[in-house]
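**Q** Below: sequence and its predicted model.
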Amino acid sequence: MPIRLYIISIFLVFITKSSAQPFLPVPGATVNAEVALEMATEVYIFFENQTDDSLRLRWRRMDFSIPESWDVDLCDFGACYIGVPASAYMNWSGPDDEPYVKLIVQPGNAPGDGWYWFRIYNATDETQFQDVYFNLTTPGFVGLDKSQPLMEVFFYPNPVNANLTVQNGNLFACGLRILDISGIIRWQGSIPSDANVQLDVAAWPAGNYFIESQGASKALIINR
């Protein structure tokens with residue numbers, strides 16, 4: 001092999017290894033978990049070290065939505081917290097360790113559903129990160145009231161790039177949620193009759209979304 005091609009080959013291998021993601025979420029980036037009433041349920045996402053070296057991760061709570069009566073605490077690879085802080089560093093982990101983020105969910109006797117969105121960084125190079133999601137629900141909870149048909153729900157502009165208005169034109173309060181194409185809940189809440197909410201979606205990834213209510217859905221597009 002000519003020397004020039006040999007050098008280029010080594011350079012490409014180096015770039016490939018350098019740009020590889022050093023950790024991956026296990027069992028995946030999204031965990032759907034059923035949490036028991038009147039009990040504490042632990043829900044984990046582990047992170048597999050893809051390198052042969054030590055690794056330190058940092059997490060940041062990006063967004064969440066849970067019923068007000070639920071108690072949720074967080075533990076990671078190194079510490080446990082009362083509640084869910086905004087951000088923290090984990091301990092260093094070796095190639096054979098599995099650092100993790102764990103939620104301890106206590107819904108009491110209040111049925112419902114909720115979600116958390118975290119961004120996990122390589123603490124030594126924060127351009128390398130993974131977004132992970134916990135989708136939580138109690139047994140048998142439907143989430144949306146299907147006793148009345150969807151009549152008048154409007155949202156604008158569509159496509160949107162920053163500020164979205166969702167208006168409930170029904171004569172009754174309406175429960176809605178917005179999901180991305182993977183089924184991850186990005187927002188959910190109840191809008192009173194003839195009222196609207198303003199949502200800042202500037203940080204949401206561009207793509208296709210769905211607004212759901214009473215078993216019906218409408219398409220929403222976020223672009224940049």
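**A** Received it, and whenever you're ready, just let me know what you need.

**Q** Looking only at residue counts, what's the top strand in this structure?
**A** Longest strand in the chain by number of residues, with DSSP state E as the criterion: strand 125-137.

**Q** Confirm that residue 78 sits in a helix.
**A** No. When DSSP: H, G, I helix; E, B strand; the rest coil is applied, residue 78 is found to be coil, with no helix at that position.

**Q** mind listing what it touches?
**A** Remark: with contacts taken as CB atoms under 8 Å, 6 or more residues apart in numbering, residue 78 is in contact with 89-91. (Glycine included, C-beta is placed from N, CA and C.)

**Q** Show the buried residues in the residues you listed.
**A** Buried residues within these, counting neighbours by 16 or more other CB atoms under 10 Å: residue 90.

**Q** tell me which of the contacts of residue 78 is nearest to residue 182?
**A** The shortest separation between residue 182 and any of the contacts of residue 78 is 25.5 Å, and it belongs to residue 90 (by CB to CB).

**Q** so the closest one makes contact with residue 99?
**A** Yes. Under the criterion of CB atoms under 8 Å, residue 90 lies in contact with residue 99, with a separation of 5.2 Å.

**Q** What segments of this structure are helices?
**A** 3-19 (DSSP state H).

**Q** quick one: low-confidence ranges for it?
**A** Flagging of the chain using pLDDT under 70 yields the residue ranges 1-20, 140-151, 171-173, 214-215.

**Q** ok, and the closest non-adjacent residue to residue 23?
**A** The spatially closest residue to residue 23, leaving aside those adjacent along the chain, is residue 47, at 4.6 Å (CB to CB, 6 or more residues apart in numbering).

**Q** Verify the contact between that neighbour and residue 57 for me.
**A** Yes. Between residue 47 and residue 57 there is a contact under CB under 8 Å: 6.2 Å.

**Q** Which residues are in contact with each of these two?
**A** Listed contacts common to residue 47 and residue 57 are 23, 99, 120; contacts here mean CB under 8 Å, 6+ apart.

**Q** Quickly note the distance from the second one to residue 113.
**A** Counting by CB to CB, to the nearest Å, the gap between residue 99 and residue 113 amounts to 27 Å.

**Q** got the contact list for the residue nearest to residue 23?
**A** For residue 47, the set of contacting residues under the criterion of CB under 8 Å, 6+ apart consists of 23-26, 57, 98-100, 120, 130.

**Q** how about a cut-off of 10 Å?
**A** Under the criterion of CB atoms under 10 Å, 6 or more residues apart in numbering, the contact partners of residue 47 comprise 22-26, 55, 57, 59, 77, 90, 93, 97-101, 120, 130, 132.

**Q** what about the residue lying closest to residue 70 once chain neighbours are set aside, how many neighbours?
**A** The spatial neighbour of residue 70 that comes closest, neighbours along the chain excluded (CB to CB, 6+ apart), is residue 107 at 4.8 Å. When neighbours are counted by other CB atoms under 10 Å, residue 107 registers 26.

**Q** again with residue 158
**A** Residues within reach of residue 158, counting by other CB under 10 Å, total 15.

**Q** you'd agree it is up against residue 211?
**A** Yes. Taking contact to mean CB atoms under 10 Å, the distance of 9.5 Å between residue 158 and residue 211 places them in contact.

**Q** Give the residues shared as contacts by the two.
**A** Here residue 158 and residue 211 have 164, 218-220 as joint contacts, going by CB under 10 Å, 6+ apart.
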